[in-house]
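> sequence unknown, structure follows:
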C-alpha cells in the first residue's frame, strides 16, 4: 500500500516554490547588475584621453579642492577646446551640437550619495587623499564607472583608520547627516 | 543662578524684552530648513510644521492687556529627555557640537521623543508635501528634504555650523565669535537672538547669558537647556 505523501513533498508545490524563488533571485540579480554598471551618458566622455593629454582634474572638476561639490565642467569648458578641433566623429558631432547651441550636456551622475548624506570634498583633498582612492582609476577609464560598496561603513572605516584621534568628530552623526 | 554657564559649545540667548513676536524668525527658519507649509487645516489638527513657535502670553486684565512673546525652539538639552527614549537611536547627542541631532534617515517615526519633550519643540511630518517646480528652486541644498513619517526639530542650523567650521579649517584658523549666524538670528529685526559658543567666556552669547535677567525654560527638570532667555520688566518699545 502506498503511503500518502505529506503536503510538503508535493512535487507541484515544490516546483512552484522553486519558480517563485527563481523569479525573485533573478530580479534581485538584475537589479544589482544594473545599479553597478556605468549609466548611459549622453556623450561617452573619454577620461583616459583627456587626462592623458595632461589636463589636470581640477580644470574640469574645479570645486574638489575648495568646496563640498567637485562639479562637472560646463559646456563652455569643453567648447573652449573643441571649437578648434575636428568634429567628424559621431561623439564629437554630438558635442558640436551642444556646443554650437550652448546647451548644457545632461550628464548622468555616477558617484552619488543619498540626499541625507552631506559629503564634502575639501577636507578629503586637504588631508592628502588622491581622487583615485575613492573614484578608482578614472584617468584610465573611458566613462566614469561606479564603485560598489561606498556606504556608511566605508566612510567610517577610513575615518577610523586615517584619523583615530578625530574619530569623535568624524563619526558624529551631525558631521554627515543633517 | 545665572552664574553657572556650565554648558559647552553652541548656545543661544533670546532677549524677550526685545522680542516683538513678529514671526520673522519662524519664516526664516522655514526658508532655511526646507520646512513645508502645511496650511491652515493641518495646523488646526495640530500637524503644523515649524521648528520655532512664538508663544504668546497676556499681561494684565482686560481691557488693560498687553502681550508678551516667547520664541520656543528645541532647547538642545545637555541632558535631553528625547534621547534615551528613541528605540532606534535616531535622536542622539552630538558629542562634537554638543547639540541634539535628529538623524532623519534613522528615524522610523515612533514619535516617542516628541511625547517626552517637555518643550513640545519637535514636530512630526505627517504627510509628504510636494515641492513643485518654482518652489523647489527655493529649497536649501544643504538641508535634507525630509520625507513623511520622520520627526524633525531645530538643529541650531547645524549646516551653517558645519559650513563655518569647514571654512575656518580651510583657512587654518579658529572659528570666530559671530561667524555662525542662525537663520532666526539673521532675520530678527530687533536683534533679540544671539548665537555663539557658550564655552568661550568672552563671546557675545556668554556675556549675554551671564546677565541678571537670564533664566532657562523648565530648568528644574535638569535638562540643561542651551537656550537662555532674558526677561526684565519691559517689552519692546516700553
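Sure thing, it's come through. Bear in mind that the values here come from a model prediction, so they are computed numbers and not experimental data. Numbers count the residues shown, from 1 in each chain, chains lettered A, B, ... in the order given.

> how long is stretch B:104-112 end to end?
With Cα to Cα, to the nearest Å as the measure, the first residue of stretch B:104-112 is 14 Å from its last.

> got the buried residues for that stretch?
In terms of neighbour count (16 or more other Cβ atoms under 10 Å in any protein chain shown), stretch B:104-112 has its buried residues at B:104-107, B:112. Yep, even glycine has a C-beta here, placed from its N, CA and C like the rest.

> Quote the end-to-end distance of stretch A:126-142.
Start to finish, the residues bounding stretch A:126-142 are 27 Å apart (Cα to Cα).

> Does chain B have contacts with that stretch?
Yes. Looking at stretch A:126-142 against chain B by Cβ under 8 Å from any Cβ of the partner chain, the contacts come from residue A:126.

> Please spell out which residues along that stretch are buried.
Residues of stretch A:126-142 classed as buried under the neighbour-count rule (16+ other Cβ under 10 Å) are A:131, A:134-135, A:138, A:141.

> hmm, who's touching that stretch?
For stretch A:126-142, contacts defined as Cβ atoms under 8 Å, 6 or more residues apart in numbering or on different chains pick out A:44, A:46-48, A:51-52, A:57, A:64-65, A:111, A:124, A:144-145, A:147, A:150, A:162-163, B:169-170.

> ditto for stretch A:60-70
Counting by Cβ under 8 Å, 6+ apart, residues outside stretch A:60-70 touching it are A:50, A:57-58, A:71-73, A:77, A:118-122, A:125-126, A:131, B:166, B:170.

> near chain A, which residues of chain B show up?
For chain B, the residues in contact with chain A (Cβ under 8 Å from any Cβ) are B:92, B:94-97, B:99, B:101, B:103-106, B:142-145, B:155, B:158-159, B:162, B:166, B:169-170.

> Let's see that with 6 Å instead.
Selection of chain B residues close to chain A by Cβ under 6 Å from any Cβ of the partner chain yields B:92, B:94-97, B:101, B:103-105, B:144, B:158-159.

> Mark which of those are part of helices, please.
Judged by DSSP state H, the subset of these located in helices is B:158-159.

> Just give me the neighbour total for the nearest residue to residue B:187 once chain neighbours are set aside.
For residue B:187, the nearest residue in space outside its immediate sequence neighbours is residue B:28; the separation is 3.4 Å by Cβ to Cβ, 6 or more residues apart in numbering or on different chains. The number of residues packed near residue B:28 is 19, by other Cβ atoms under 10 Å in any protein chain shown.

> List the buried residues in the least confident helix or strand in chain B by mean pLDDT.
Counting by mean pLDDT, DSSP states H and E, chain B has its least confident helix or strand at helix B:133-136, which shows a mean of 88. Of all the residues in helix B:133-136, not one is buried under the rule 16+ other Cβ under 10 Å.

> one step back: list only buried entries from the contacts of stretch A:126-142.
Burial by neighbour count, judged by 16+ other Cβ under 10 Å, picks out A:47, A:51, A:57, A:64, A:124, A:144-145 from those.

> of those, closest to residue B:204?
Nearest to residue B:204 among the buried ones among the contacts of stretch A:126-142: residue A:124, at 33.2 Å, using Cβ to Cβ.

> Which element, helix or strand, includes the closest one?
Using DSSP states H and E, the element containing residue A:124 is helix A:121-126.

> tell me the mean pLDDT over whatever helix or strand comes next after that helix?
Beyond helix A:121-126 in the direction of the C-terminus, DSSP H and E gives the next helix or strand as helix A:131-135. The pLDDT scores in helix A:131-135 average 90.

> ok, then the element right after helix A:131-135?
Counting by DSSP H and E, the element after helix A:131-135 in chain order, helix or strand, is helix A:152-162.

> ok, residues contacting that next one?
If you take Cβ atoms under 6 Å, 6 or more residues apart in numbering or on different chains as the criterion, helix A:152-162 is touched by A:167, A:170-171.

> List the buried residues for that helix?
Of the residues in helix A:152-162, those buried by neighbour count under the rule 16+ other Cβ under 10 Å are A:155, A:159.

> go on, stretch A:25-45?
A:43, A:45.

> center of chain B, which residue is that?
For chain B, residue B:73 is the residue whose C-alpha lies nearest the centre (Cα atoms, centre = their mean; 3.7 Å).

> quick one: that residue and residue B:154 touch, right?
Yes. Using Cβ atoms under 6 Å, residue B:73 is in contact with residue B:154, at 4.0 Å.

> Next, show the common contact partners of those two.
residue B:51.

> What backbone torsions are found at residue B:14?
Recorded main-chain torsions at residue B:14 are phi -120, psi 120, according to degrees, to the nearest 10.

> okay, now it: neighbour count?
As a burial measure, the neighbour count of residue B:14 was computed by other Cβ under 10 Å and equals 25.

> tell me which residues form a beta bridge with it?
Beta bridges link residue B:14 to residue B:193, residue B:229 when assigned by DSSP bridges.

> Let me know whether it touches residue B:229 as I believe.
Yes. Between residue B:14 and residue B:229 a contact is recorded at 5.2 Å, counting by Cβ under 6 Å.

> quick revisit: just the buried members of the contacts of helix A:152-162?
A:170-171.

> possible to save the contacts of helix A:152-162 as JSON lines with secondary structure and distance to residue B:54?
Compiled in JSON lines, the contacts of helix A:152-162 are given as follows (DSSP: H, G, I helix; E, B strand; the rest coil; distance: Cβ to Cβ, whole Å):
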{"residue": "A:167", "secondary structure": "helix", "distance to residue B:54": "40"}
{"residue": "A:170", "secondary structure": "helix", "distance to residue B:54": "38"}
{"residue": "A:171", "secondary structure": "coil", "distance to residue B:54": "37"}
